[in-house]
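> need a 3D model of the sequence below.
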Amino acid sequence: MSTYDDASLIYYPSGVKAGKAYSLKPTDGTGDLTFTRASTATRVNSAGLIESVATGVPRIDFTGGGCGKLLLEPQRTNLAFYSEQFDNGYWAKTLSASVISNNVTSPDGTLNADTLVAGDAGSQIQAAFVGTSGIAYTVSLYIKRISGTGVVNLRAVENVNTPITITNEWTRVFLTVTSTSTTLRIGVSLATSGDQVAIWGAQVEQGTYRTSYIPTTTTAVTRVVDSAIKTGISSLINSEEGVLYVEISALAEDSESKRITISNGTIANRITISVSGNVVSGFINVNNVNQYSFYESNQNVLSTIKIAVKYKANNFATWINGNEYDSSITGNTFVSETLNKLSFDSAVGVNNFYGNVQNLMIFPTILTDAELETLTTL
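Take a look at the predicted model:
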């Protein structure tokens with residue numbers, strides 16, 4: 001039975017430094033991922049706390065607990081100012097709402113979260129700013145109940161209250177709304193006088209899903225896109241046969257194609273795994289001619305999913321979560337081409353993979369069905 005020892009390249013989130021995510025195999029560094037992100041960013045660390053990560057340093061994220069995952073995200077801007085300072089005048093307070101500043105330990109582990117107190121029924125805190133009509137925005141906020149049992153509303157983009165469920169533990173609530181005007185909003189409304197909630201980390205970003213928290217003070221702040229690639233690894237990829245294996249989850253079940261590819265740096269010769277909506281698909285192109293493709297819908301891509309693509313002349317198959325799909329006994333591989341690049345995109349810098357990577361392996365020979373079943377079983 002095959003083990004990880006049979007892989008020529010193993011990436012498992014572990015060591016990082018600026019510009020690099022270390023692979024477990026090979027140990028000489030030839031398989032280490034080259035990483036870029038031209039800004040700071042935040043992650044959830046192994047203690048469950050939000051912390052800032054320096055420019056260019058990969059993020060091993062522990063959101064939800066369990067093992068850390070390499071977090072790859074698109075560029076996003078937090079449009080809400082003073083994201084942790086709700087006592088600032090930027091935040092309008094109505095119906096006797098008041099704020100007690102820095103009296104609750106926040107999700108970053110420091111005493112910098114504020115308490116919103118309802119002085120009257122419908123007490124509200126809100127910020128309004130200029131946006132674009134017809135664009136989808138996602139509003140998010142960390143919140144927990146301090147006292148009371150009344151309805152708590154999130155005010156997201158539109159001038160509308162949406163009831164949310166909160167507990168006495170920190171929860172990041174969010175809502176995606178397409179704006180019908182050029183005025184955007186974010187806020188919290190408490191239906192019952194005397195109720196109190198702790199709030200922290202307000203965020204408004206253009207897009208149909210939330211991303212990691214981006215702190216702000218006096219202006220909007222942009223987190224730049226994450227990018228990971230590895231070139232010059234022809235010695236680790238057998239162009240004629242092998243297996244590409246990934247253990248991933250997507251950030252959103254949206255229509256955007258999110259790809260992981262081994263290639264020769266062109267779209268003409270590549271093996272691609274793609275996630276779009278609830279579909280896992282992919283293909284093998286040799287000299288711009290499709291040799292094999294697969295398409296499987298109704299996949300839970302928001303949870304961890306294990307995918308392996310086996311390739312050899314006249315011997316192709318895809319395994320997902322312990323089951324075989326789309327096998328084929330016709331097609332060629334890369335006899336006259338050399339695959340030498342691993343990238344979290346389409347091979348040429350588009351269709352970036354945005355999500356979490358828990359494991360990636362390249363095998364230089366095909367595996368048996370029993371081995372592929374074991375490898376991909378959750």
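> so Tyr325 makes contact with Glu296?
Yes. Here Tyr325 lies in contact with Glu296, judged by C-beta atoms under 8 Å, at a distance of 5.2 Å. Any C-beta I mention is one placed from the backbone N, CA and C, and that applies to glycine too.
> mind checking how far the nearest residue to Gly109 once chain neighbours are set aside is from Trp170?
Sequence neighbours aside, Leu49 is the residue nearest to Gly109 in space, at 4.4 Å (criterion: C-beta to C-beta, 6 or more residues apart in numbering). The gap separating Leu49 from Trp170 is 10 Å, by C-beta to C-beta, to the nearest Å.
> between the two, which contacts overlap?
Common neighbours of Leu49 and Trp170, using C-beta atoms under 8 Å, 6 or more residues apart in numbering, are Pro107.
> between those two, tell me which one has more neighbours.
Trp170 (19 against 15; other C-beta atoms under 10 Å).
> hmm, back to that, which neighbours do Tyr325 and Glu296 have in common?
In contact with both Tyr325 and Glu296: Thr318, using C-beta under 8 Å, 6+ apart.
> ok, Ile320 - contacts?
280, 296, 299, 305-308, 376 are the contacts of Ile320 under C-beta under 8 Å, 6+ apart.
> would you agree the residue nearest to Gly109 is in contact with Thr110?
No. The pair Leu49 / Thr110 is not scored as a contact, 9.0 Å apart, by C-beta under 8 Å.
> pLDDT value on the residue with the largest distance to the centre of the chain, please?
Relative to the C-alpha centroid of the chain, counting by C-alpha atoms, centre = their mean, Asp120 is the outermost residue, at 39.4 Å. Confidence at Asp120, expressed as pLDDT, is 97.
> tell me how this protein divides into domains.
4-34+226-376, 78-223 (automatic domain parsing).
> what about the stretch 1-150 of the chain, any weak spots by pLDDT?
1-3 (pLDDT under 70).
> show me the strands in it, by range?
9-11, 16-17, 20-21, 33-36, 41-44, 50-53, 60-61, 69-72, 76-78, 92-94, 98-105, 111-117, 123-130, 136-147 (DSSP state E, counting those that start in this stretch).
> closest to Glu158 among the contacts of Ile320?
Gln299 (32.8 Å; C-beta to C-beta).
> separation between that closest one and Asn321?
Distance from Gln299 to Asn321, by C-beta to C-beta: 8 Å.
> okay, and the common contacts of those two?
Ile305.
> hmm, back to that, right, and the pair among the contacts of Ile320 with maximum separation?
Gln299 and Ala308 (14.0 Å).
> between the two, who's got more neighbours?
Higher neighbour count among Gln299 and Ala308: Ala308, with 23 against 19, using other C-beta under 10 Å.
> ok, now which ones touch that one?
Ala308 touches 243-246, 318-320, 367, 372, 375-376, counting by C-beta under 8 Å, 6+ apart.
> follow-up on the earlier one: pLDDT, distance to Leu236 and secondary structure added to the contacts of Ile320, as JSON lines?
Formatted as JSON lines, those follow (pLDDT from 0 to 100; distance: C-beta to C-beta, whole Å; DSSP: H, G, I helix; E, B strand; the rest coil):
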{"residue": "Val280", "pLDDT": "98", "distance to Leu236": "24", "secondary structure": "strand"}
{"residue": "Glu296", "pLDDT": "97", "distance to Leu236": "27", "secondary structure": "strand"}
{"residue": "Gln299", "pLDDT": "97", "distance to Leu236": "28", "secondary structure": "coil"}
{"residue": "Ile305", "pLDDT": "98", "distance to Leu236": "24", "secondary structure": "strand"}
{"residue": "Lys306", "pLDDT": "98", "distance to Leu236": "21", "secondary structure": "strand"}
{"residue": "Ile307", "pLDDT": "98", "distance to Leu236": "19", "secondary structure": "strand"}
{"residue": "Ala308", "pLDDT": "98", "distance to Leu236": "17", "secondary structure": "strand"}
{"residue": "Thr376", "pLDDT": "97", "distance to Leu236": "21", "secondary structure": "helix"}
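> from those, which is closest to Tyr22?
Lys306 (21.9 Å).
> the closest one and Tyr245, how far apart?
7 Å.
> which residues do the two both contact?
With C-beta under 8 Å, 6+ apart as the test, Lys306 and Tyr245 both reach 375-376.
> higher neighbour count, the two?
Tyr245 (23 against 18).
> surely the more buried one meets Ile307?
Yes. Here Tyr245 reaches Ile307: they are 7.1 Å apart, a contact under C-beta under 8 Å.
> hey, what's in contact with both of the two?
Contacts common to Tyr245 and Ile307, judged by C-beta under 8 Å, 6+ apart, are Thr376.
> quick one, what contacts the nearest residue to Gln75 once chain neighbours are set aside?
Spatial nearest neighbour of Gln75, excluding adjacent residues (C-beta to C-beta, 6+ apart): Val225 at 4.4 Å. Applying C-beta under 8 Å, 6+ apart, we find Val225 in contact with 37, 73-75, 352.
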